[in-house]
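1. Dropping the sequence and predicted coords here.
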Amino acid sequence: MQKKYHFILYIFLLPFFTQGQSIITPFENSDSEASATYFEAISYYKVLANTYNNISIQDIGPTDTDYPLSIVYYSGDKSFDINKWKADGKMILLINNGIHAGEPDGIDACMMLLRDAATAKIKIPSNIVLAVVPVFNIGGCLNRNSYSRANQNGPKEYGFRGNAQNLDLNRDFMKLDSKEARTLVQFMRKLDPNIFIDNHVSDGADYQHIMTLLVTQHNKLGGETGKYMNDSFVPLIYADMKKKGYDLVPYVNDFNATPDKGWREFYDPPRFGSGYAALWQTMAFVPETHMLKPYRQRVAATYQLMRSFIKMAAEHADEIKAARNNDRKKLQDKKEFALSWQVDTTKYTMIPFKGYEAGYKPSKVSGLPRLYYDRRKPYTKQVPFYNHFTGTQKVTAPKAYVIQQGWNDVIDRLKCNGVHMQKLERDTVMYVMAPYIGNFQTLPKPYEKHYLHSKIDYIGLLEPLQFIAGDYIISVNQPAKRYLIESLEPNAPDGFFAWNFFDAVLQQKEYFSDYVFEDTAARIIERVPGIKKMLEEKNKADTNFAKNGAAQLDFIYRHTQYCEPVNMRCPVFRIEY
Ligand SMILES: [Zn+2]
């Protein structure tokens, strides 16, 4: 049914796309205010792939809609074998479009980019291959409207931010609630791109810049790759764009005040596509065009920025690959990892910012003072950009993690990430560090389908535990090392515990009746002097406790084997050595 529908569209749209010798996009075939629909984009790429043998379009897996996720490749030597690309040392760029379907600049820019690459209108260096997601959020793209980007200046119609499940896909790279994110993550592990680019449109302040660039936080990316990206690659991109008349500026991460006093770099934890890519030593970029600029200008800027990425990646391929290879080797010896990052407000870089003077005037709605930007008063000034972050919540890497069978939602996500796991062949007692959860906070309302936990305290107890055949042992000595630590440590802000995957352990399943347990508890304090002493000390220290019989029974229960061990124990265990 779907295929037939596509075929009909393909036939129907072909005359519109072919004018003379060139295939043109709906964007070009309009007053530059039309963005391609999902069907138009896919049909267009099918025409391209049928016409030019350096382009291929393939389905890579399911989405939350009825339609599969497509990938479009450009390969100058007409080979579409990922393993051969890697063997040949190609620079692989993965470009994602329409993750927020209301921000379609990349969808239209990449349609022109790939056509111009295919026809050799633009030269793609031979060491580059491109993998482009034409439309990532298909459900959002099908939910077409003209209003949901209330502050955005075109196109006339666009998709919606939420996907078919109303999820923000750019928060889904760790929890993988959507099939889109699962499919893309599996594909990313297979493709292993050197560079990941995720095209967006900004919100927030008004200023002169058409294109802003959010870069995955360089200290967090770390190693030689983080340093090379920040010190060399990003300045190269800025310089190349400048030659084409674009003054880039870091993503203006300031939503409450005017940006003329500078701002802090956006922090992208691994729930974001860029933050996720950084777990795999991939340089990641999030171009954010300015939402108040005309659509034509935004698409043109996105097109030019993609070209700059291609040019600089080709010219500096050796440095990029060397930094990444070195980091990957060092990763296996790396002991200490930070789970969170905080801005260092003592360090900043002065950057040129082209803004508009801001002021306040009475609101015609409320009569209260309202912010406005005066475009008749442009300015350029140096502002501080706080882009140095320091790691916090440091943990040491274990030798391996153990996950008991049954936690299939987690095991499944590890498999999506290509994690190597070994099943225990026979029942085994192992000395492991077991994390017992203490205090934590939980959001009062759902965030992206979850009651996210934060500020998670736990006590790790080294103890012998019985594991059974079929439980999983996961050595960290694999490329997924950093992903494993940031997903499996119980207090990791984007880990599986935080995202509710282990909430079942937070509820106690068994308890006791006081009148029966009285006799058992009496026997325990008779036979176990240590517990008797602890009870006496607690009674002395806490007069309310001393007057509460039920509390004392509970105290004994919790200090003996009667208390169920799995309650409050995060079922991810560390083998320390
Ligand atoms: Zn966005």
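-> It's in.
2. Show me which residues of this structure sit near the ion.
-> The chain has residues 100, 103, 200 near the ion, with proximity defined as Cβ under 5 Å from the ion. Quick note: C-beta positions are derived from backbone N, CA and C, even for glycine.
3. Considering those residues, which possesses the most neighbours?
-> residue 103 (27 neighbours; other Cβ atoms under 10 Å).
4. Is it correct that it is in contact with residue 198?
-> No. If you go by Cβ atoms under 8 Å, residue 103 and residue 198 don't touch, sitting 10.2 Å apart.
5. In TSV, list the residues of the chain next to the ion along with pLDDT and distance to residue 394.
-> TSV is the format used below for the residues of the chain next to the ion (pLDDT from 0 to 100; distance: Cβ to Cβ, whole Å):
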residue	pLDDT	distance to residue 394
100	98	33
103	97	36
200	98	31
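6. so of those residues, which ones are in strands?
-> Using DSSP state E, the subset of the residues of the chain next to the ion located in strands is residue 200.
7. Whatever residue of the stretch 301-450 of the chain ends up closest to the ion - how many residues pack around it?
-> For the stretch 301-450 of the chain, the residue closest to the ion is residue 302, as judged by Cβ to the ion, at 12.7 Å. By other Cβ under 10 Å, the residues close to residue 302 number 30.
8. Just confirm it is within a strand.
-> No. Applying DSSP: H, G, I helix; E, B strand; the rest coil, one finds residue 302 to be helix, outside a strand.
9. contacting residues for it?
-> The neighbourhood of residue 302, defined by Cβ atoms under 8 Å, 6 or more residues apart in numbering, consists of 105-106, 109, 199, 211, 287, 289.
10. who are the neighbours in contact with the nearest residue to it once chain neighbours are set aside?
-> Leaving aside its chain neighbours, residue 302 sits nearest to residue 109 (3.8 Å; criterion: Cβ to Cβ, 6 or more residues apart in numbering). Applying Cβ under 8 Å, 6+ apart, we find residue 109 in contact with 199, 299-300, 302-303, 306.
11. do you know how far residue 557 is from the ion?
-> 51 Å (Cβ to the ion, to the nearest Å).
12. Counting neighbours, which bits of the strand or helix carrying that residue end up buried?
-> Using DSSP states H and E, residue 557 sits within helix 549-558. Going by neighbour count (16 or more other Cβ atoms under 10 Å), the buried part of helix 549-558 is 552-557.
13. and if you look at stretch 485-504?
-> 485-502.
14. Select from those every entry located in helices.
-> 485-488 (DSSP state H).
15. hmm, back to that, mind checking how far the residue of the stretch 301-450 of the chain closest to the ion is from residue 113?
-> 9 Å (Cβ to Cβ, to the nearest Å).
16. Flag the shaky bits of the stretch 1-150 of the chain, pLDDT-wise.
-> 1-22 (pLDDT under 70).
17. ok, back up a step: format the contacts of residue 109 as JSON lines; extra columns: pLDDT.
-> As requested, the contacts of residue 109 are exported to JSON lines (pLDDT from 0 to 100):
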{"residue": "199", "pLDDT": "98"}
{"residue": "299", "pLDDT": "98"}
{"residue": "300", "pLDDT": "98"}
{"residue": "302", "pLDDT": "98"}
{"residue": "303", "pLDDT": "98"}
{"residue": "306", "pLDDT": "98"}
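18. Would you mind confirming that residue 491 makes contact with residue 393?
-> Yes. If you go by Cβ under 8 Å, residue 491 and residue 393 touch, sitting 6.5 Å apart.
19. which residues are common contacts for the two?
-> residue 339.
20. and the protein, what are its domains?
-> 2-334, 398-508+566-575, 514-558 (automatic domain parsing).
21. Mind listing residues that contact stretch 253-266?
-> So stretch 253-266 is in contact with 203-205, 207, 214-215, 217, 250-252, 343, 348, 351, 353, 355, 358, 371, 373, 379, 381, 383-387, 389, going by Cβ under 8 Å, 6+ apart.
22. related to what we said a few turns ago, of the domains of the chain, which stretch is the most buried?
-> Per-stretch averages of neighbours, counted by mean count of other Cβ atoms under 10 Å, single out domain 2-334 among the domains of the chain, with a mean of 20.
23. quick check, distance from it to the centre of its chain.
-> Taking Cα atoms, centre = their mean, to the nearest Å, the mean C-alpha location of domain 2-334 is offset from the chain mean by 14 Å.
24. Can you show me the CA trace of the helix or strand hosting residue 73 as PDB?
-> Using DSSP H and E, residue 73 maps to strand 69-75. Extracted in PDB, the C-alpha atoms of strand 69-75 (Å, rounded to 0.1, in the frame of the first residue of the first chain):
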ATOM      1  CA  LEU A  69      13.400   5.800   8.200                       C
ATOM      2  CA  SER A  70      15.300   6.600   5.000                       C
ATOM      3  CA  ILE A  71      18.900   7.400   4.500                       C
ATOM      4  CA  VAL A  72      20.300   9.000   1.400                       C
ATOM      5  CA  TYR A  73      24.000   8.500   0.600                       C
ATOM      6  CA  TYR A  74      26.300  10.400  -1.600                       C
ATOM      7  CA  SER A  75      29.500   8.400  -2.600                       C
END
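25. Pairing partners for it, with directions?
-> strand 55-61 (antiparallel), strand 128-133 (antiparallel) (DSSP bridges).
26. need the next SSE after it, C-terminal direction.
-> Counting by DSSP H and E, what follows strand 69-75 is helix 82-87.
27. quick revisit: adding distance to residue 413, write the strands paired with strand 69-75 out as a markdown table.
-> Below are the strands paired with strand 69-75 laid out as a markdown table (distance: least, Cβ to Cβ, whole Å):
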| stretch | distance to residue 413 |
| --- | --- |
| strand 55-61 | 15 |
| strand 128-133 | 20 |
